[in-house]
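Enquirer: What follows is a predicted structure for the sequence shown.
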Amino acid sequence: MYLIGGVHSLVEFTNFECESLDRSFCNIEYCHIKSVNRTYKYISIKVNLLKTPVTSVKVNSGLYNRLSGYKPFLYNVTVDGCKFLKNQNSNPVTKFIYGVFKDSSNMNHTCPYDHDIVMEKLSTEYLNHQITKILPFPEGKYMVQMNWIAYDINRAITRLYFTLS
């Protein structure tokens, strides 16, 4: 007789890349993964906005799975960030993605943005809960790429790489 207690998934950050495409518009002060111990890691980023206030923002978010290189997986959406923050129920996929980082960031209000953008200590533990309990994913290596577009010009790209085992 075999007893199966349950399946336990684990998220592990493997890399976090941030790139400013327009250094006259924004500067990335820091972008890193911090490993506190073997089981607790988190990511943080601070983006200095150099031309404020920002009143027009679009975000393109894509989820990629590693299969002989990173290939699109499930989602690739572009939303008007200012409109989305006014009505978060307008796009369930974006609401899920935003829900992953909203509590650790200061991007919790509608436009305009007249301050630096900060996300502090988004932990693997929190992400693990989101992608194994809220919206289950199969095991694998993933990348979430976000293109930050202001005034219809791509200003920055962030890429978060993680493994789900």
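Expert: Thanks, I have it.
Enquirer: Restricting the selection to alpha carbons, write the helix or strand of the chain with the lowest mean pLDDT to PDB.
Expert: Sorting the helices and strands of the chain by mean pLDDT, DSSP states H and E puts helix 124-129 at the bottom, at a mean of 80. What follows is helix 124-129 as a C-alpha-only set of coordinates in PDB (Å, rounded to 0.1, in the frame of the first residue of the first chain):
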ATOM      1  CA  THR A 124      10.900  32.900  -4.000                       C
ATOM      2  CA  GLU A 125       8.500  31.900  -1.300                       C
ATOM      3  CA  TYR A 126       5.900  34.400  -2.400                       C
ATOM      4  CA  LEU A 127       6.400  33.600  -6.100                       C
ATOM      5  CA  ASN A 128       6.200  29.900  -5.300                       C
ATOM      6  CA  HIS A 129       2.800  30.400  -3.700                       C
END
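Enquirer: tell me which strands and helices that helix is in contact with?
Expert: strand 11-20 (3 or more C-beta pairs under 8 Å, 6 or more residues apart in numbering; DSSP states H and E). Backbone N, C-alpha and C define where each C-beta goes, glycine included.
Enquirer: Summarise which helices and strands the strand it packs on is packed against.
Expert: strand 26-35, strand 41-49, helix 124-129, strand 153-164.
Enquirer: quick check, distance from it to the centre of its chain.
Expert: Distance of strand 11-20 from its chain centroid, counting by C-alpha atoms, centre = their mean, to the nearest Å, is 9 Å.
Enquirer: ok, back up a step: any chance of a markdown table for the helices and strands packed on strand 11-20, columns distance to Asp80 and mean neighbour count?
Expert: Formatted as a markdown table, the helices and strands packed on strand 11-20 follow (distance: least, C-beta to C-beta, whole Å; neighbours: other C-beta atoms under 10 Å):
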| stretch | distance to Asp80 | mean neighbour count |
| --- | --- | --- |
| strand 26-35 | 19 | 15 |
| strand 41-49 | 18 | 20 |
| helix 124-129 | 25 | 16 |
| strand 153-164 | 15 | 18 |
